[in-house]
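J.: Below are the sequence and a predicted model for it; my questions follow.
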Amino acid sequence: MKFNDIFKPIIVLVCICLVVTGALAYVNSVTEPIITEAQEQEAAQARKEVLPSADDFTRLDASLPDGALDAYKANNGAGYVFTVAEKGYGGEMKLIVGLNPDGSVCSVKTLSHGETVGIGSRVADNSSGYSKNYKGKTEKNYSEVDALSGATISSKAYKKAVSHAFEAFDAVKGAK
């Protein structure tokens, strides 16, 4: 048994792993702030889309119900914006919901989903128009929105996610 036959390949592989790990750590440290900034800008744009009459937003540090990820209040009193999530057929469905000061839905937009392409994705796809069914709905009548044929589980998840926004609204309305 020779050193070159057993230990040399192990030492070479360990050195390669150390160099690659160091390179990945460096690349991550450089790109992480850039990615975070891009995500924050995308979230700010989405908030503006679902509550266009708002001038700017303040994040609310309130105790939110399950399913509500964050809450923002429009600085000019135009309403609230909530990021909510619910498990759909193909995975988590994440929505952003804009509510008017009276608690009615201004707009809903899908941020991400894992629904089946062509079936459940019709519910979550922003261009499908399904989200427009919730415009003007309140906590009392949003359940009247019909499920999309063939995508019942996804439709129920979408509706449940919107209900999380109403629950969060009840928890934060009037908060500073």
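T.: Looks like it came in fine.

J.: surely Val145 meets Tyr134?
T.: Yes: in this structure, Val145 is within contact of Tyr134 by Cβ atoms under 8 Å, at 6.0 Å. (Each C-beta comes from the backbone N, C-alpha and C, glycine too.)

J.: Give me the more crowded residue out of the two.
T.: Taking other Cβ atoms under 10 Å, Val145 and Tyr134 do not tie; Tyr134 has more neighbours (21 against 18).

J.: gap between the residue most central in space within the chain and Val117?
T.: Centroid check for the chain by Cα atoms, centre = their mean gives Lys94 as the closest residue, at 3.8 Å. Distance, Lys94 to Val117, by Cβ to Cβ, to the nearest Å: 17 Å.

J.: How about residues contacting stretch 61-81?
T.: 47, 50-51, 53-60, 82-86, 94, 96-101, 106, 160-161, 163-165, 167-169, 171-173, 175 (Cβ atoms under 8 Å, 6 or more residues apart in numbering).

J.: From Arg47, how far out is Asp55?
T.: From Asp55 across to Arg47, the span is 11 Å (Cβ to Cβ).

J.: Between those two, point out the one with more neighbours.
T.: The residue with more neighbours, out of Asp55 and Arg47, is Arg47; 23 against 10, by other Cβ under 10 Å.

J.: which outside residues touch stretch 117-124?
T.: In contact with stretch 117-124 (Cβ under 8 Å, 6+ apart) are residues 88-90, 93, 110, 113, 115, 128, 130, 148, 150-151, 153-155, 157-158.

J.: which residues in the protein form helices?
T.: 3-50, 121-124, 152-172 (DSSP state H).

J.: how far out from the middle of the chain is the lowest-mean-pLDDT helix or strand in the chain?
T.: Here the helix or strand of the chain ranked lowest by mean pLDDT, DSSP states H and E is helix 121-124, holding a mean of 72. Between the centre of helix 121-124 and the centre of its chain there are 15 Å (Cα atoms, centre = their mean, to the nearest Å).

J.: Identify each buried residue in that helix, please.
T.: Going by neighbour count (16 or more other Cβ atoms under 10 Å), the buried part of helix 121-124 is 121-124.
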